[in-house]
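1. okay, predicted coordinates and the sequence, questions at the end:
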Amino acid sequence: MGNSLAKIDEETIPPAYRTMIWDHMERVAAMLINTAP
């Protein structure tokens, strides 16, 4: 996930949005891990 986000330049995704996106991705990953059988 981090590598994919790192490939997108800061002009396309500003640092503030990048932080929010990363936080969201971590939360989704945690939800998926916790609900997996």
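-> Alright, I've got the coordinates.
2. who does the helix ranked longest in the chain touch, helix- and strand-wise?
-> Looking across the chain with DSSP state H, the single longest helix is helix 15-35. Helix 15-35 is packed against helix 2-6, with contacts defined by 3 or more Cβ pairs under 8 Å, 6 or more residues apart in numbering; DSSP states H and E. C-beta here means a position set from N, CA and C on the backbone, and glycine is covered the same way.
3. and the helix it packs on, how far out from the chain middle?
-> 8 Å (Cα atoms, centre = their mean, to the nearest Å).
4. now stretch 14-33
-> 4 Å.
5. CA atoms of that stretch as CSV?
-> Taking C-alpha atoms only, stretch 14-33 is exported to CSV below (Å, rounded to 0.1, in the frame of the first residue of the first chain):
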residue,chain,number,x,y,z
PRO,A,14,-0.9,16.8,-1.3
PRO,A,15,0.7,15.7,2.0
ALA,A,16,-2.4,16.4,4.1
TYR,A,17,-4.6,14.2,1.8
ARG,A,18,-1.8,11.6,1.7
THR,A,19,-2.0,11.3,5.5
MET,A,20,-5.8,10.9,5.4
ILE,A,21,-5.6,8.3,2.7
TRP,A,22,-3.0,6.3,4.6
ASP,A,23,-5.0,6.4,7.8
HIS,A,24,-8.1,5.2,5.9
MET,A,25,-6.1,2.3,4.3
GLU,A,26,-4.8,1.2,7.6
ARG,A,27,-8.3,1.2,9.1
VAL,A,28,-9.7,-0.8,6.2
ALA,A,29,-6.9,-3.3,6.5
ALA,A,30,-7.5,-3.7,10.2
MET,A,31,-11.3,-4.2,9.6
LEU,A,32,-10.6,-6.8,7.0
ILE,A,33,-8.1,-8.7,9.2
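6. give me the contacts around that stretch.
-> Contacts with stretch 14-33, where a contact means Cβ atoms under 8 Å, 6 or more residues apart in numbering, come from 1, 2, 5, 10, 13.
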